[in-house]
Each structure stands twice: as C-alpha cells, then as structure tokens.
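Asks: Just need the structure, nothing else, for what follows:
(2 chains)
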2 protein chains.
Amino acid sequence: MNLNDKLFAIVGDSERVSINKTILEQHSKGEAYHTPSCPDAVVFPKSKEEIGRIVQFASEHSIPLVPYGAGTSLEGHIIPVHGGISLNFSLMNQILSIRPDDFQVTVQPGVTRNQLNQALKEHGLFFSTDPGADASIGGMAATNASGTNSVKYGVMRDQVLGLEVVLADGSIVRTGGHSFKSSAGYNLTGLLIGSEGTLGIFTEITLKLRGIPEAVSAVKAVFPSIEAAGNAAAILLKAGLAIGKIELVDEKTIQAVNRFKTTDYREEPTLFLEFSGNEPEVTYSVEVMEEILKDEQCVSFEFENDSLRRAQLWEARHHAAFAIQAANPGKVLMFTDVCVPLSQLAGALKQTREVIERYGLEGAVLGHVGDGNYHACLPIDPNSEEELEVVEAVHHQIVSYALSKGGTCTGEHGIGLGKKAFLQEEHGDIIPIMKIIKNNLDPKNILNPGKIF
Amino acid sequence: MNLNDKLFAIVGDSERVSINKTILEQHSKGEAYHTPSCPDAVVFPKSKEEIGRIVQFASEHSIPLVPYGAGTSLEGHIIPVHGGISLNFSLMNQILSIRPDDFQVTVQPGVTRNQLNQALKEHGLFFSTDPGADASIGGMAATNASGTNSVKYGVMRDQVLGLEVVLADGSIVRTGGHSFKSSAGYNLTGLLIGSEGTLGIFTEITLKLRGIPEAVSAVKAVFPSIEAAGNAAAILLKAGLAIGKIELVDEKTIQAVNRFKTTDYREEPTLFLEFSGNEPEVTYSVEVMEEILKDEQCVSFEFENDSLRRAQLWEARHHAAFAIQAANPGKVLMFTDVCVPLSQLAGALKQTREVIERYGLEGAVLGHVGDGNYHACLPIDPNSEEELEVVEAVHHQIVSYALSKGGTCTGEHGIGLGKKAFLQEEHGDIIPIMKIIKNNLDPKNILNPGKIF
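Replies: Sure thing, here's the model as predicted:
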C-alpha cells in the first residue's frame, strides 16, 4: 500500500488526502526565499483523533510530519525539507467557544486571525496579536508571533492560556487551562509556544482576549533620518502614554508602498503611531506626543482619526512587504528579524541601513520599534548563489551587531530554516538543553524535522 | 572529612559554612504549616563559580541542594525534606546593573523586592511584581510569584527577560537576553521560572521594569457579601479602566487586621482598589468606577489619595496573613491558592466560604481577584493530626471546585510540598512530560528533591 492509500485508510475520505502535484507544490514553500521542498502527501485532518492516528502511523514508519496553517511563514517552517506528510489545518478552523465574561476563546489551530476578530467583534472583544499577515492561530502559536500590537499587549506566548496537543507518540494531552495565571508545575504551554511544530501538534488553543479600546487615534510622523525616528520612538515609550502601536518604515519602504498602493505618503523615514484606550487617556497621550515630536526633529505629522483612513494607513504598513516584492519582480524576499534593547535601537537601525548600502542592496527597513524589533526586507534572485551569499553576509552582520548589544536574532519570525546558525551564535550554551527536550519528546524526530536545530 | 569541612574546602571561608543547630533550624521551614526538616549544612555562596563547584560536589556525592532566598515560601519549597545543603542567597544580593533606558535591571537572586524598588526609585522606575512579602527575586522567579500588581503588569514570568543558571552538572548557562521579545528556540527562561529550584539554580536574573505611574488613586469599597464584591470586581475589570490593583478581603480578615493594626475598617467584605496611570485616565477611571459601584450593591466607599494613608491601606492588606496568625496564637497557617476564570469568581468565593464554615474552621478569604486568584487562610495546630486532616479536606474541596470550573490549584504559590496531589489532579496527563524534563536535566535528583512531584 502506498502512502496515499495508507493515509486514506486512516482518514477514510479520499478528498482529504492528496498527492496531486499542484497541491504538493502549494505545500512546498512559505512566503520567503527558502528553497521549496515538496511533501510526499498532504492530509487535511478534521479532528484531534485523526491527527493522533496519523502521528501513530508516522511514528511507526518514521515519516516526517509538517503542520501547515495559512502558509505565511517567513522562515521556512512549513517546508517539508525531508518530505513526509504536510498536515493542512484548513478544515480545523472552528471557533470552539467564546467566553466573553472570561475574556477568552478556544479555537482550532486553522482559525485565522481575521476570522477570529470578525467573530469577536459583536462581544466588544478582540484578539491582540497582529503579525500583519492573516496567519493561522496555530502557526502564530508555533512561532511565538507578535507584530504591531505587542508593544501594548505582549506577544503570542502572553496570550495563550492553554493548549491541546498531540505528542510524538500520538497521545493527546492538555496544558494550561482557563485561569489567567498558574504556578502549577513546569510551564509546558510556554515551552510549546515557539517550538515551531517540533515538540507537538496543537489541536486546540485557548487565547486571552482584550476589550476593543473605546478611543483610538493614529498619527503618521515624518523624520529626517531613521535614527531620529528611532530616538523619538524610544522617548515616546518612556512617557507613560497610551501607546497601542509604534511602527517605523524607512523611505525605501514608503516609496514602494506609494507605488504599490498609489498613495502619496511623504517618502522619508516615518513613524506610524497609534494611541488607544479610554477617551481621556488617548487625548492626553496625543497632546504629550505633540510636545515630544516637536523636540525630536519631527518634520511633519498628521492624524488619521477617521477609522477608514486609519485602516488604509495600517493597510499600507501591513502591505509594505508585498510592495517591496512588487517593486522587485522576479525576486523573493529575505527578512531579518533582530530585536534589541530600546537604548540600542537607533544605533542598530543606522548600522542596518549602512550595511545594506555598503553591499549595494535594494533593502527596506521596517518594524515594530516599540519592542526594539525591526526587519530588513531584502529582495533576492532565488536562482543566484552569489546574491544569496551577499544577503547572508548582510544578515550575519545585522545579527552580530544586535547580539553584541544584548539583542536576539529573531524577535517574532522564529528560527525555522534560515536562522539555525544564528541560534548557535546566540544560545550555543543552551542548545544542548533544547536538544535533550526535543530528543526525549520526539525520539524518532518525526515532528517538523530540520527546523530550529 | 565531614560535610562541613568539604564545603569549607570549596568556599574557603569558615564564616560562610554552618552546621550550627540554630542556623540549620532557621533553614528548616518556610512561613506556612509544613513540617520542618533541617539541612545537614548551610552555605552562603558569593558567586556563580562557587555555586558551580558546590553543585559539582553535590552531584558527585548525590547530596540534595535546596536554594533559600528570604524564607517567605508558603508551600515548603525551601524545606530540605531529604536533608543536604541549603544554599542561602543572602550574600548574593547585589543589584548588578540598572539600565533605565532599556527598562531593565540585572540582579543577583538574593536581592529582595523592597531593596530593588528602593534602588530604582531615583530612575522613576519600579519592579512590578509584589507578592506582599519582601521576598527575594530568586524565590519569586522560582515560584512564578505574582500578587497585587499582576492584574496590570502580569506575573513574574512576564517580567524575566533572561537568567544565568547553574545546571545540575555544575555548568553555567544563560537563557534569554536583554531584548523585550524573542522567538529564538525553546523558551527555557519561561520553563525555569516556576520550576521551584528543581531544574537549575539561578545566579543572575534580568527583569523588565516599569515607569512609576504619574497618578495613583486608591479606593476601599465595602459590600454586603463576598459574592457581591466578586461580581463588582468582574464588572470593573470589563470597563477598560486603569486598574492597578483589585484585592478582596472578607470580614474575618478585616476583623483580624483591625485587631492587629488597631485600624477601624468596617468589618464587611471589602475591595481594595487602586487606579494608576496618567492623571486623565485615573480621574476618568475613578468616575466610571463610582457609577459601577452604585449599581453593584456597594455599601460605602472611600478614597485614599494621600500617599501615606494609601501606604497604610496596602500595608493592612499585606499584613492580613500576619493579622490572622496573630489572632490565632500557637497556630500555623495553611494557604489555598486557587485561580479561576473571572466568570467563576463569585461562585468560587461563595463555595470557599461555605466549605470553611461547614467544617467549622476559623478561615479568612482574601486575594487578587482581578486575576481570579484568592486565598483561604486557615490557622491550624501543627501538632494536631486531626486538624490537619480537616484542613486538607477543606483544601481539597476548594481545589476540586476550582478545577471543575477550568481553574488551577495554584495561581502564584507553586506546588512545593503541599499541592503535589492537586498537580496530579490538574495535570496528571502531562506530569510524565515534566518528569522527562526533570530526569534528563537532573538525573541524580539533587536539585530541590521532593518538590512539585
């Protein structure tokens, strides 16, 4: 019996198992530069029990299993580098229970961020983690994603109260629960979040929710240099304001956005700010911000208080990567993802810009500077070894600088395929501990093999 | 050579090794009801290198090692149930570096909470986790402590950016770093926080800091019943206010506090609230709160805006446990520590009060209800088997109720000695995973043996 037939025997539905070439190719790549690699089959499971049986089968035959959510990974997490089975979660996309009085929701991993927020709106609640892409909750949990809102609400790991997980032997367990805090034994929820599918397969995720803020005010502030913008960001963060988002985009990104979205934003380094909370604190925050910006070389700023215009503004920011891709036809994107202490932010942004220019690359710089996290977005020709080498050299210099300042090689994208050498540089002394955990929880190395290590 | 001489040979300072009976007895107990047990020796290490050598020695001879911070544990974490060496961290109490621009500080584990906040004041910063007791930062990290401020700032695990840790083989490693977020490999920092000294010994801890709020307003609101108070708390939490603290104490606790502190607080269930932030949001929050309290059966409320009066108010709350102890001479205290989803809070408080009364106990109920976390504080005669059995039965009923509502047996005190059976009840399916991690990271079981499992 071939793999297709065996999987069909497990799920009992030929529509939910595929070895079709187009389907395999769809599951061979993420949204970034990594070399694609096809799975041997794709399964669309519908329940934890089915996943349990698939894992048991894969364990018996030492077949790799690679979870696939919305396909928006930027570090190759979903690429089946050793073949095997892609588990596509698009049919496990149910919102299982909304508990508005408890500020929490339980979802299947295939639920996407926008789908969830749509369903929460009528309760006056929202799910705060926003990586830009309409990612799946499972994928966001697997990479410890964050994004624009984390300066106010924290990262994915801060939102997950509990998990249901299929382990490498096919058994199904639960971590965490429904209380907002717990000191009951080892924090396995927090260990699984960010484990990139290498320790277990999530089948249910319970998330903390937030009340939709009563008042929101968005501001676009233009600066003469990327460092000036970085400095202003650091000062705003210290002022005790109701900061909801604080995003930086450089002039190259604004140029690309203007072309892609036919907007006419001023093409200079820009902070996109959002204040949110109750009415009085937002009003006060905006007043204080005006004073600070005046002292911090801000060239101009404008408000977007209208919700439609504000949505357009954030859409422009969210589509920055697409804009850069569109400006470079035929190229693929490579993203750096360093995060540094706030006092090091302006210097790190300057170094990043200098390195990109020294190597003559067409890179854009943008990011969540409220956390000290930003991305260089570098278009490369996937067929050029030479270009890849240059980009890797640039990436290495950006990461080395960040590490020398106490930073990390990845603030939110994860290690995946592209940052394994950097993990060694950053945490070489504790990789043995990580491997002890991995080898003991997944002795046959069937869970997303080749990632992280 | 006896243990004392061997330890003296390692640390080279006879003043820092003790087998004096009084010293051993000081290290035999925490602040709660658990049966004391003396270590064989106490060492006062001064450096990670010294701890590394002590751990190597302990490993070679399979001698238990029990870290001891400020001695304020409520679950017997610091009791050397199998003898061995107590590591007293009082000489490792240096604040190593304050980085105000990065909102962080690196400390040795023996630094206490009040010591740290004293040093941070001049920078306009503070460390947010406040369990009441002047605990050591090392102990707070080991138990994932939280307390009054966690409703606003999160628990201990949310504050720790990085650790330096001595492992069971004596090697010294670092987890995390100085950036506010990271997705670089498995979250070992989060795994070690709350591991109660069973996976490694902390030697440096890097903490996130917060700006001291510009405005603070405290309120004491009295209710006709503990459920009414719980309901009001849940409604206040939903209103998007600048809540800093939201504590509940029942009438028995107020009675004890009045006697202990010679205060004259009205002896009824009371919410102690604090609003903090910038001036406009605090003013607004207080206004909204007044409206809400009027609708929620609040009998009376009074403000404490003067900082001295406010300090007295919180001191009264913090000394509640001492007050109950003082009201019951000759008894020791047992604390329950359940945490439930917010919607279950009023019901859980009611059940707890009923169970205590059904068994005829003299218990008080108080806690951090903004997180759904509260404590029944039960005085018992440590020499009465019978009393202990009754208290255990009450504890079991309180925990079972909380678990049946999706809660946890411990919100902030940890499992330690007293809640091992409840951990089995709550997380029996994942204890094997916890044990895999424990057994592989500490194969000789020398790190705080007998705790958690």
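
Asks: From here on, just use CA atoms for contacts and neighbour counts.
Replies: Fine.

Asks: Apart from its chain neighbours, what residue comes closest to the residue most central in space within chain A?
Replies: Geometric centre of chain A, nearest residue: A:Ala145, 3.7 Å, by Cα atoms, centre = their mean. Once flanking residues are discounted, A:Ala145 sits nearest to A:Glu412: 4.8 Å by Cα to Cα, 6 or more residues apart in numbering or on different chains.

Asks: In contact with the one you found, which residues?
Replies: The contact partners of A:Glu412, by Cα atoms under 8 Å, 6 or more residues apart in numbering or on different chains, come to A:143-147, A:337, B:181-183.

Asks: Swap in 10 Å and give it another go.
Replies: Neighbouring residues of A:Glu412 by Cα atoms under 10 Å, 6 or more residues apart in numbering or on different chains: A:74, A:131, A:140, A:143-147, A:155-156, A:194, A:337-339, A:373-374, B:181-184.

Asks: List buried residues within these.
Replies: Listed as buried from the contacts of A:Glu412 are A:74, A:131, A:140, A:143-147, A:155-156, A:194, A:337-339, A:373-374, B:181-184; burial here means 16 or more other Cα atoms under 10 Å in any protein chain shown.

Asks: Just the ones of the residues you listed in strands?
Replies: Of the buried ones among the contacts of A:Glu412, the ones assigned to strands by DSSP state E are A:373-374.

Asks: Would you map the strands across the stretch 151-300 of chain A?
Replies: Taking DSSP state E, counting those that start in this stretch as the test, the strands found in the stretch 151-300 of chain A are A:160-166, A:172-176, A:201-208, A:210-211, A:215-222, A:243-249, A:270-277, A:300-304.

Asks: re the thing from before, kindly confirm my reading that the residue nearest to A:Ala145 forms part of a helix.
Replies: No. According to DSSP: H, G, I helix; E, B strand; the rest coil, A:Glu412 belongs to no helix; its state is coil.

Asks: residue ranges of the helices in the stretch 51-200 of chain A, please?
Replies: For the stretch 51-200 of chain A, helices defined by DSSP state H, counting those that start in this stretch occupy the ranges A:113-120, A:137-143, A:150-153, A:156-159, A:188-192.

Asks: tell me the most buried of those helices?
Replies: helix A:137-143 (a mean of 29; mean count of other Cα atoms under 10 Å in any protein chain shown).

Asks: can you tell if it touches chain B?
Replies: Yes. Interface with chain B: helix A:137-143 contributes A:142-143 (Cα under 10 Å from any Cα of the partner chain).

Asks: can I get the CA coordinates of that helix in PDB?
Replies: Extracted C-alpha coordinates of helix A:137-143, given in PDB (Å, rounded to 0.1, in the frame of the first residue of the first chain):
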ATOM      1  CA  ILE A 137      -3.600  30.900  15.200                       C
ATOM      2  CA  GLY A 138      -1.800  27.600  15.200                       C
ATOM      3  CA  GLY A 139       1.100  29.000  13.100                       C
ATOM      4  CA  MET A 140       1.200  32.100  15.300                       C
ATOM      5  CA  ALA A 141       1.400  30.000  18.400                       C
ATOM      6  CA  ALA A 142       4.100  27.700  16.900                       C
ATOM      7  CA  THR A 143       6.400  30.700  16.100                       C
END
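
Asks: for it, the distance to its chain's centre please.
Replies: Chain-centre distance of helix A:137-143: 8 Å, with Cα atoms, centre = their mean, to the nearest Å.

Asks: contacting residues for A:Gly244?
Replies: A:Gly244 makes contact with A:148-153, A:213, A:216-218, A:273-277, A:282, A:370 under the criterion Cα under 10 Å, 6+ apart.

Asks: redo that, cut-off 8 Å
Replies: By Cα under 8 Å, 6+ apart, the neighbours of A:Gly244 are A:149, A:151-152, A:273-276.

Asks: in the stretch 101-250 of chain A, what residue is nearest chain B?
Replies: Closest approach of the stretch 101-250 of chain A to chain B (Cα to the nearest Cα) occurs at A:Ser182, with a separation of 4.1 Å.

Asks: Could you list the residues of the stretch 1-150 of chain A in contact with chain B?
Replies: The stretch 1-150 of chain A comes close to chain B at residues A:101-102, A:143-145, as judged by Cα under 8 Å from any Cα of the partner chain.

Asks: From the residues you listed, pick the one nearest B:Ala41.
Replies: A:Asn144 (43.2 Å; Cα to Cα).

Asks: which one is the closest one nearest to, not counting chain neighbours?
Replies: A:Gly194 is the one closest to A:Asn144 (Cα to Cα, 6+ apart), at 4.4 Å.

Asks: Next, give phi and psi for that neighbour.
Replies: phi 90, psi 0 (degrees, to the nearest 10).

Asks: OK, contacts around it?
Replies: Neighbour list for A:Gly194: A:141-145, A:157, A:414, B:183, B:185-187 [criterion: Cα under 8 Å, 6+ apart].

Asks: tally of neighbours for A:Leu308?
Replies: Per other Cα atoms under 10 Å in any protein chain shown, the neighbour tally for A:Leu308 reads 10.

Asks: Distance of it relative to A:Glu315?
Replies: 10 Å (Cα to Cα, to the nearest Å).

Asks: and if you look at A:Leu65?
Replies: From A:Leu65 across to A:Glu315, the span is 34 Å (Cα to Cα).

Asks: For those two, indicate the residue with more neighbours.
Replies: A count of neighbours by other Cα under 10 Å puts A:Leu65 above the other of A:Leu65 and A:Glu315, at 30 against 14.

Asks: Would you reformat the helices of the stretch 51-200 of chain A as CSV and include mean pLDDT?
Replies: Shown next, in CSV, are these (pLDDT from 0 to 100):
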stretch, mean pLDDT
helix A:113-120, 98
helix A:137-143, 98
helix A:150-153, 96
helix A:156-159, 98
helix A:188-192, 98
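
Asks: Can I get these in JSON lines including distance to B:Tyr265?
Replies: As requested, those are exported to JSON lines (distance: least, Cα to Cα, whole Å):
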{"stretch": "helix A:113-120", "distance to B:Tyr265": "42"}
{"stretch": "helix A:137-143", "distance to B:Tyr265": "47"}
{"stretch": "helix A:150-153", "distance to B:Tyr265": "37"}
{"stretch": "helix A:156-159", "distance to B:Tyr265": "37"}
{"stretch": "helix A:188-192", "distance to B:Tyr265": "42"}
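
Asks: Any idea which of the strands of the stretch 151-300 of chain A gets closest to B:His427?
Replies: Once the strands of the stretch 151-300 of chain A are compared by Cα to Cα, strand A:172-176 is nearest, at 7.3 Å.

Asks: quick check, the closest one touching chain B?
Replies: Yes. Judged by Cα under 8 Å from any Cα, strand A:172-176 and chain B are in contact via A:173-175.
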